[in-house]
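[1] Provided below are the primary sequence and the corresponding predicted coordinates.
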Amino acid sequence: MYMTERCGAWQVGDDPDHGVVEFRIFFPAGFDPQVSTIRAVGDFLDQLGGTNWAPVDGVEMARQPRAGGGDFWVGQTSAPLRAGFYEYKYVVEFAGLPPRYVTDPCARYGGLSDQNSGIVVGGTSAADNAVAPLAGGRLPLTELNQYELMIDDFTAEYRGARAPLDAVVDRLDELVDLGINAILFMPWTAWKNRSFDWGYEPFQYFAVETRYANDLDQPSEKLSRLKQLVSACHQRGIHVIMDGVFNHVSRDFPYQQLYRDPQQCPFTAGPFGGSFPGLQDLDFANDCTNELVAEVCRYWMDEFGIDGIRLDNTVNYFVAGDVRGLPELLSYVEQHALDRRERNFSLSLEHIDLSAARVTNQTAATSFWDNSLYAACFDGLWNGRITSRLLGALNNRRFLADGKVPTLYLSNHDHSHAAWQSGAHDNTGAVGGWWKLQPFVVALYTSTAMPLLHNGQEFGEEHFLPEDDHNTGRRVSSRPLRWRRRYDPIGRSLTALHRRMATLRRDHPALRSAQMFPAVWEEWQTRFDPVGVGVDEERQLVIYHRWAALVGGRTENVVVVLNFGDDDQSVDVPVPTPGVWTDLLAGAFDPRESWSVDVMDDRARVPVGSHWARVLYRLN
């Protein structure tokens with residue numbers, strides 16, 4: 001309703017040279033804001049014969065009942081404005097109170113300063129600004145290698161004066177070469193100021209963040225810039241996943257200031273589910289909140305052609321037995337995708353508690369973020385040895401229904417880079433232990449989950465981040481990617497390994513299947529089972545079997561051997577069938593390298609280097 005009924009500021013008509021601007025605010029039924037008057041003011045008033053930003057010259061807005069319930073306040077400029085970018089705010093008056101200057105909560109453009117909103121008159125037509133379709137069509141989650149990208153950090157070193165959204169395109173071909181076919185963009189919706197931010201304090205849900213869209217602080221068509229980035233991704237076969245932050249908003253959330261008593265704003269009137277300290281929680285007990293967030297999702301789906309949404313902090317707006325909040329939102333998005341005849345639209349939950357798999361199964365979610373491999377990786381690197389829980393982390397897909405798959409990672413935006421952890425114990429970072437990451441990388445790509453790389457992980461970026469900043473705000477800090485590191489010896493080696501593993505996962509159905517043996521591995525199991533698979537904590541070895549039935553009756557088999565120890569080892573590896581087994585990982589650094597073993601019975605003697613792996617393959 002918010003965008004389909006043109007809330008915010010819109011040009012009337014599509015004349016490229018000039019146009020009347022209409023302003024529209026929606027107030028849900030049942031919650032009286034006690035507004036006396038509203039005027040739209042901005043840097044366009046001089047074109048109407050007034051003084052810019054002067055309330056007395058502002059565009060008068062009038063209350064209009066909405067047919068579906070609630071009220072609009074609507075006003076139009078008295079004359080057309082010339083083509084260009086304009087900033088505005090609403091001056092809202094309540095009886096007995098000073099007037100408030102309020103940002104438009106439904107603006108599609110952020111202003112350049114002072115939490116202003118923006119409107120473009122003229123500019124690129126909708127027909128010339130259509131998003132390109134995804135080359136090859138949208139793939140199921142099992143086919144994706146996903147990359148978590150922070151727009152500011154990703155482009156900081158090389159973008160110069162260009163808009164970060166434009167600069168991202170420079171590196172897309174490198175991501176394709178790496179084997180990436182999906183990008184999870186950290187939030188691109190507007191936050192409350194021009195400072196660096198991760199974007200997890202939403203301020204305007206329908207606006208593209210100004211910091212990402214402007215060159216040299218000059219006004220620009222922010223919508224065009226983001227659409228061009230999405231098109232560039234789609235033309236390369238890269239899925240675009242939006243990070244949606246719907247549990248909470250900034251404490252400066254504009255809708256609150258449109259009510260005489262901000263505590264009576266229905267979108268934030270009371271707690272629902274859990275609470276996020278320091279931020280303003282949304283109240284999904286009120287239908288208007290569910291409708292607003294659903295409309296936000298619809299807008300980005302319809303206008304920008306996104307291929308999925310990662311839903312942040314879902315544990316706080318899910319209440320068991322209550323369809324409001326997360327379940328209702330997921331159902332709406334799923335149905336809207338079906339109505340658009342779209343398949344494989346991904347809905348991934350950041351639901352970091354033990355109920356994540358159950359909630360994913362009970363709702364329209366298709367994935368959940370799983371911290372288990374990250375925890376096993378960081379613990380293993382810090383202590384210099386892995387434990388048996390690592391194998392259990394690699395098969396959490398067993399808890400999910402068909403068609404759903406977990407998301408695994410060695411780290412993400414909430415944590416330090418894994419390469420830093422590899423040498424953290426000795427304060428040496430990647431230089432002191434990057435090679436220890438190698439078996440973890442192989443484990444990530446050979447698990448039953450969908451792999452996610454935190455930007456820079458592929459070449460050993462190593463920024464530190466405190467796990468608990470004790471409410472100082474220091475976790476939300478810039479970690480610019482230092483691209484030159486991709487070409488040093490560490491970066492070249494790790495990038496080559498990631499590229500090799502992504503290619504193997506793409507080319508081999510066994511590495512994308514749900515099939516894994518042993519299917520279950522308990523933490524008390526610290527030695528190989530009688531078959532000879534599982535975890536041997538003493539030797540720091542892990543062995544497991546992956547397979548997939550192919551069309552035509554053949555079976556693809558892969559046996560993974562991981563050596564997390566400091567010494568080269570010779571390992572008795574059980575295989576499901578005799579014959580020649582080839583190591584798919586051989587050649588990761590030198591394409592001329594190969595290794596195979598001819599197995600006469602059910603066991604092969606296999607040498608495995610320290611902090612290295614074998615990925616043994618046979619087609620039966």
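    Nice, I can see it. Numbers count the residues shown, from 1 in each chain.
[2] What residues of stretch 251-269 count as buried?
    253-260, 262, 265-269 (16 or more other C-beta atoms under 10 Å). Where C-beta positions appear, they are placed from N, C-alpha and C, glycine not excepted.
[3] And that stretch, end to end?
    End-to-end span of stretch 251-269 (C-alpha to C-alpha, to the nearest Å): 13 Å.
[4] Mean confidence (pLDDT) on that stretch, please.
    Taken as a whole, stretch 251-269 has an average pLDDT of 96.
[5] Return the distance of that stretch from the chain's centre.
    Stretch 251-269 sits 28 Å away from the centroid of its parent chain (C-alpha atoms, centre = their mean, to the nearest Å).
[6] Closest one of the buried residues of stretch 251-269 to Glu467?
    Nearest to Glu467 out of those is Phe253 (C-beta to C-beta; 27.9 Å).
[7] in terms of contact, does the closest one touch Pro105 like I think?
    Yes - if you go by C-beta atoms under 8 Å, Phe253 and Pro105 touch, sitting 7.2 Å apart.
[8] Which residue ranges of the stretch 151-300 of the chain form strands?
    With DSSP state E, counting those that start in this stretch as the criterion, the stretch 151-300 of the chain has strands at 182-185, 189-190, 204-208, 239-244, 248-249, 280-281.
[9] out of those strands, nearest to Ala376?
    strand 182-185 (21.6 Å).
[10] Partner strands of that closest one and their direction?
    Sheet pairing for strand 182-185, assigned by DSSP bridges, gives strand 146-149 (parallel), strand 239-244 (parallel).
[11] and the longest one, what's its mean pLDDT?
    The one in question is strand 239-244. 98.
[12] cool, the first one as well?
    Averaged across strand 146-149, the pLDDT comes to 98.
[13] Pull the distance from it to the chain's centre.
    Using C-alpha atoms, centre = their mean, the offset of strand 146-149 from its chain centre is 7 Å.
[14] Report the buried residues of it.
    Gln146, Tyr147, Glu148, Leu149.
[15] those helices in the chain, which residues are they?
    Assigned by DSSP state H, the helices in the chain fall at 151-155, 164-168, 172-178, 210-213, 222-235, 254-257, 287-304, 326-339, 356-362, 372-383, 389-393, 418-422, 438-445, 489-507.
[16] out of these, which comes closest to Thr37?
    Here helix 254-257 is closest among the helices of the chain (C-beta to C-beta), at 14.7 Å.
[17] Show residues contacting that closest one.
    92, 100, 102-105, 115, 203-204, 262, 265, 267-268, 280 (C-beta atoms under 8 Å, 6 or more residues apart in numbering).
[18] Tell me the one of the residues you listed nearest Met301?
    Gln204 (17.8 Å).
[19] mind giving me a markdown table with the buried residues of stretch 251-269 and columns for distance to Phe399?
    Formatted as a markdown table, the buried residues of stretch 251-269 follow (distance: C-beta to C-beta, whole Å):
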| residue | distance to Phe399 |
| --- | --- |
| Phe253 | 36 |
| Pro254 | 40 |
| Tyr255 | 38 |
| Gln256 | 39 |
| Gln257 | 44 |
| Leu258 | 44 |
| Tyr259 | 43 |
| Arg260 | 49 |
| Pro262 | 42 |
| Cys265 | 39 |
| Pro266 | 37 |
| Phe267 | 34 |
| Thr268 | 34 |
| Ala269 | 36 |
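[20] quick one: which of the strands paired with strand 182-185 is nearest Ile543?
    Among the strands paired with strand 182-185, strand 146-149 comes nearest to Ile543, with 26.7 Å by C-beta to C-beta.
[21] Just to check, Ile38 is in contact with Tyr88?
    No - using C-beta under 8 Å, Ile38 is not in contact with Tyr88; the gap is 11.9 Å.
[22] re the thing from before, any chance of CSV for the strands of the stretch 151-300 of the chain, columns distance to Tyr544?
    Output for those, formatted as CSV (distance: least, C-beta to C-beta, whole Å):
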stretch, distance to Tyr544
strand 182-185, 25
strand 189-190, 41
strand 204-208, 43
strand 239-244, 28
strand 248-249, 39
strand 280-281, 42
